[in-house]
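> okay, sequence plus prediction incoming.
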Amino acid sequence: MRLVLNGQPREAPELATVADLAAWLALPAFGSAIELNGEVIRRADHAATPLTEGDRLEVVRLVGGG
């Protein structure tokens, strides 16, 4: 499956949902956000939100520090 991830074309395994993408990227349970085609997807909706060929995703990980 071809996706655009953070502005870069990527080949990914056949991912059915945003939850599959999060698992493939090994995103932590908290401290990250996923935007799909310009819309932030609530974590509660990850498993019910399908991915399709050519989707544009932005993944943001929160970083703490001082």
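Thanks, I have it. Residues are numbered from 1 along each chain as shown.

> any chance you could map the helices in the chain?
18-24 (DSSP state H).

> any stretches of it with poor pLDDT?
Applying pLDDT under 70 to the chain flags the ranges 66.

> that one: strands as residue ranges?
If DSSP state E is used as the criterion, the strands of the chain fall at 2-5, 8-11, 32-36, 39-41, 56-61.

> so Pro50 touches Ala16, yeah?
Yes. Using C-beta atoms under 8 Å, Pro50 is in contact with Ala16, at 6.4 Å. All C-beta spots, glycine's among them, are computed from the backbone N, C-alpha and C.

> mind listing what the nearest residue to Glu14 once chain neighbours are set aside touches?
Once flanking residues are discounted, Glu14 sits nearest to Met1: 5.6 Å by C-beta to C-beta, 6 or more residues apart in numbering. Residues counted as contacts of Met1 (C-beta atoms under 8 Å, 6 or more residues apart in numbering) are 11-15, 51, 53.

> any of these buried? List them.
Buried residues within the contacts of Met1, counting neighbours by 16 or more other C-beta atoms under 10 Å: 12, 15, 51.

> before we move on, the earlier item: let me have the strands of the chain in JSON lines, extended by distance to Leu21.
JSON lines is the format used below for the strands of the chain (distance: least, C-beta to C-beta, whole Å):
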{"stretch": "strand 2-5", "distance to Leu21": "8"}
{"stretch": "strand 8-11", "distance to Leu21": "10"}
{"stretch": "strand 32-36", "distance to Leu21": "7"}
{"stretch": "strand 39-41", "distance to Leu21": "10"}
{"stretch": "strand 56-61", "distance to Leu21": "7"}
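
> most packed of those?
Between the strands of the chain, strand 32-36 has the highest mean count of neighbours, a mean of 17, where neighbours are mean count of other C-beta atoms under 10 Å.
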